[in-house]
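S.K.: I would like the atomic coordinates for the input below:
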Amino acid sequence: MAFFGLFKKEQKETLDQGLAKTKENVFSKLTRAVAGKSKVDDEVLDNLEEVLVTSDVGVDTTLRIIERIEDRVTRDKYLNTSELNVILREEIAALLAENNETQVSDFDAPLPASPYVIMVVGVNGVGKTTTIGKLAYQFKRAGKSVYLGAADTFRAAAVDQLVIWGERVGVPVIKQKMGSDPASVAYDTLASAKANNADVVIIDTAGRLHNKVNLMNELTKIKNVMQKLIPDAPHEVLLILDGSTGQNAYEQAKQFTKATEVNALAVTKLDGTAKGGVVIGISDQFKIPVKYIGLGEQMTDLQVFDKEEFVRSLFE
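M.R.: Numbers count the residues shown, from 1 in each chain. Below is the predicted model:
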């Protein structure tokens, strides 16, 4: 129990450190927004709208947040500007809770299927392979056996990088020669995982988006081939987004959700950016759960996304 408490404390510290740049950015803008004001009025709300939009929360989500605060001002008649951080925290947390009822889980939670198959998608450069390695580490740390499939067969670097991660974490990586059929790699990975009673299978896929039709066809073929072995695979289609790109992450999410049935998101590289507000907007706009966030380079810096903790860390 003491270890569990210590682990949660470490997670909070990692979250606070990872969001430090975003928090500093938001707070400095909030300070200017309420300068010389004692109550939340129309001018403060206009300034707050600018703060949220320029913090990469996104226009639509910002307008929803402002509307909630306007309702609260109307209801309570008078709100002190010194309470604005608390109000923001409460209203954003409530908004995110309404959008997604998925409960916070963790890597040691029971999985709904065995093996649990995760197909990972995303453009090159967002931290896709690194995230797969960190996921494998976290699942293994939680006592689960993991298999990785190197189905990005168009880039030698992608396969090599995944093999390095597999060696580092101590999990098997199934691969074929360059240019092989990605669906064949996925099939072999599932077959090996089933034969060895693995708990988790994570399949890497090519990070191309220049031709959505080809991408969609390829991902569909991978899914169809996997379903010959496991009828409901993949259980999770995880889209990796680079949080440091801000609004570009929204565009990538739009394109990939059109190309395939994404049902989970991971937002990476939040520790090196002041654009962490993008997590709020993405979670709100796409109605797809942000399941993981990346907060640093260490293998333990990938966390299961906890909406309440995220908002606490940002506005406390």
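S.K.: how many neighbouring residues does Ile174 have?
M.R.: Counted with other C-beta atoms under 10 Å, residues neighbouring Ile174 total 22. C-betas here are computed from N, CA, C, even on glycine.
S.K.: how about the nearest residue to it, chain neighbours excluded?
M.R.: Leaving aside its sequence neighbours, Ile174 sits nearest to Thr189 (C-beta to C-beta, 6 or more residues apart in numbering; 4.1 Å).
S.K.: which SSE is that neighbour in?
M.R.: Counting by DSSP states H and E, the element that carries Thr189 is helix 182-195.
S.K.: what about that helix, distance to the chain center?
M.R.: Its chain's C-alpha centre and that of helix 182-195 lie 25 Å apart, by C-alpha atoms, centre = their mean, to the nearest Å.
S.K.: can you list the strands that the following helix or strand past it pairs with?
M.R.: The C-terminal neighbour of helix 182-195 among helices and strands, as given by DSSP H and E, is strand 200-204. Note on strand 200-204: by DSSP bridges, its sheet partners are strand 116-121 (parallel), strand 146-150 (parallel).
S.K.: buried sites along the helix or strand just after the shortest one?
M.R.: The reference is to strand 146-150. As assigned by DSSP H and E, the chain's next helix or strand after strand 146-150 is helix 156-169. Along helix 156-169, these residues count as buried under the neighbour rule (16 or more other C-beta atoms under 10 Å): Ala158, Val159, Gln161, Leu162, Trp165, Gly166, Val169.
S.K.: can you put those residues in JSON lines and add pLDDT?
M.R.: Compiled in JSON lines, the buried residues of helix 156-169 are given as follows (pLDDT from 0 to 100):
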{"residue": "Ala158", "pLDDT": "88"}
{"residue": "Val159", "pLDDT": "92"}
{"residue": "Gln161", "pLDDT": "94"}
{"residue": "Leu162", "pLDDT": "96"}
{"residue": "Trp165", "pLDDT": "96"}
{"residue": "Gly166", "pLDDT": "97"}
{"residue": "Val169", "pLDDT": "97"}
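S.K.: pipe the residues you listed into TSV and attach distance to Thr300 per row.
M.R.: Below are the buried residues of helix 156-169 laid out as TSV (distance: C-beta to C-beta, whole Å):
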residue	distance to Thr300
Ala158	24
Val159	25
Gln161	19
Leu162	19
Trp165	14
Gly166	18
Val169	12
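S.K.: pull the helix holding Thr189 out as PDB, backbone CA atoms only.
M.R.: Provided in PDB are the C-alpha atoms of helix 182-195 (Å, rounded to 0.1, in the frame of the first residue of the first chain):
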ATOM      1  CA  PRO A 182       2.600  -5.300 -43.200                       C
ATOM      2  CA  ALA A 183      -0.500  -7.500 -42.800                       C
ATOM      3  CA  SER A 184       1.700 -10.600 -42.900                       C
ATOM      4  CA  VAL A 185       3.800  -9.200 -40.100                       C
ATOM      5  CA  ALA A 186       0.700  -8.500 -38.000                       C
ATOM      6  CA  TYR A 187      -0.500 -12.100 -38.600                       C
ATOM      7  CA  ASP A 188       2.800 -13.600 -37.600                       C
ATOM      8  CA  THR A 189       2.900 -11.400 -34.500                       C
ATOM      9  CA  LEU A 190      -0.600 -12.500 -33.400                       C
ATOM     10  CA  ALA A 191       0.100 -16.100 -34.100                       C
ATOM     11  CA  SER A 192       3.300 -16.100 -32.000                       C
ATOM     12  CA  ALA A 193       1.500 -14.200 -29.200                       C
ATOM     13  CA  LYS A 194      -1.400 -16.700 -29.100                       C
ATOM     14  CA  ALA A 195       1.000 -19.600 -29.100                       C
END
